[in-house]
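Undergrad: how would this look folded up:
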Amino acid sequence: MDTTKLAHILEALIFASDSPISLKQLSAIVKEASADNIEQALEQIKTDCENRGIVLKKIAGGYQFATRAEYAQWVGNMLETKASSRLSRAALEALAIVAFKQPISRVEVSAIRGVNSDGVMKKLLDLKLITIAGRDEGQGRALLFKTTTEFLQYFDINDISDLPRPKEIEELLAEGEGGKLLQELPEGISNDAEESSEDPDDKVESAAQNDENQ
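TA: This next block holds a predicted model:
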């Protein structure tokens, strides 16, 4: 199979996929081509996109088309009216803590924020931005949480290691720049998380039970 035809096939697969698609997945679908040939075709797609409004990016370990950053203003205008929910500042704080301290318990997140974070943790679970990572070995064996592939997609990063290290964040917080850091996070998703009246422990235990049953 020539590289141009292979590139067209890969372009169609990546466009049709609702999540980043990995090289392994592409190889399993396009059995007629080797992994080296697929990588070569992906490079051709990247080159073909150089003068277009979209780019081929590697996100969360897979490939996905994305709009160019310089056109974010207009894309944002289009999506603004479609946004049905947004993350509150409290939810963004909790999400940042999970991202930088994972795996971490709900109680530890509340302790760091200085306020009860049950509602925001439930909201983040509902949005699949965090998931259960296991249980703590200490007394009570609290559930631990970590970020998800959806988190990587949302923040447009390929791997969690692309985030600043916890020590770097602690230094920023110590310098009183934590608020500035949070302001630089993309605005997202709704503000009703902390007002949720549902007991988050029920949600958490239900999710844990589902994991055990899988």
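Undergrad: which regions of this protein sit below the pLDDT cut-off?
TA: Scanning the chain for pLDDT under 70 picks out 80-86, 164-214.
Undergrad: in what helix or strand does the residue nearest the centre of it lie?
TA: Residue closest to the mean C-alpha point of the chain, counted by CA atoms, centre = their mean, is residue 151 at 1.4 Å. Assigned by DSSP states H and E, residue 151 belongs to helix 149-154.
Undergrad: Tabulate the CA atom coordinates of that helix in CSV.
TA: Taking C-alpha atoms only, helix 149-154 is exported to CSV below (Å, rounded to 0.1, in the frame of the first residue of the first chain):
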residue,chain,number,x,y,z
THR,A,149,-7.6,9.8,29.9
GLU,A,150,-10.5,12.3,29.7
PHE,A,151,-8.5,14.7,31.9
LEU,A,152,-5.6,14.5,29.4
GLN,A,153,-7.9,15.1,26.5
TYR,A,154,-9.6,18.0,28.3
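Undergrad: Show me what counts as buried in it.
TA: 149, 151-154 (16 or more other CB atoms under 10 Å). The C-beta positions use only the backbone N, C-alpha and C, and glycine is treated the same way.
Undergrad: What residues of stretch 5-19 count as buried?
TA: So, applying 16+ other CB under 10 Å, buried residues of stretch 5-19: 6-7, 9-11, 14.
Undergrad: Quick check: helices, which of those are part of them?
TA: Among these, the members falling in helices (DSSP state H) are 6-7, 9-11, 14.
Undergrad: Next one: residue 33 from residue 124, what distance?
TA: Separation of residue 33 from residue 124 (CB to CB, to the nearest Å): 39 Å.
Undergrad: Please identify which of the buried residues of helix 149-154 is nearest to residue 143.
TA: Proximity of the buried residues of helix 149-154 to residue 143 (CB to CB) peaks at residue 151, which lies at 17.4 Å.
Undergrad: Pretty sure that closest one sits against residue 127.
TA: No - using CB atoms under 8 Å, residue 151 is not in contact with residue 127, being 9.2 Å away.
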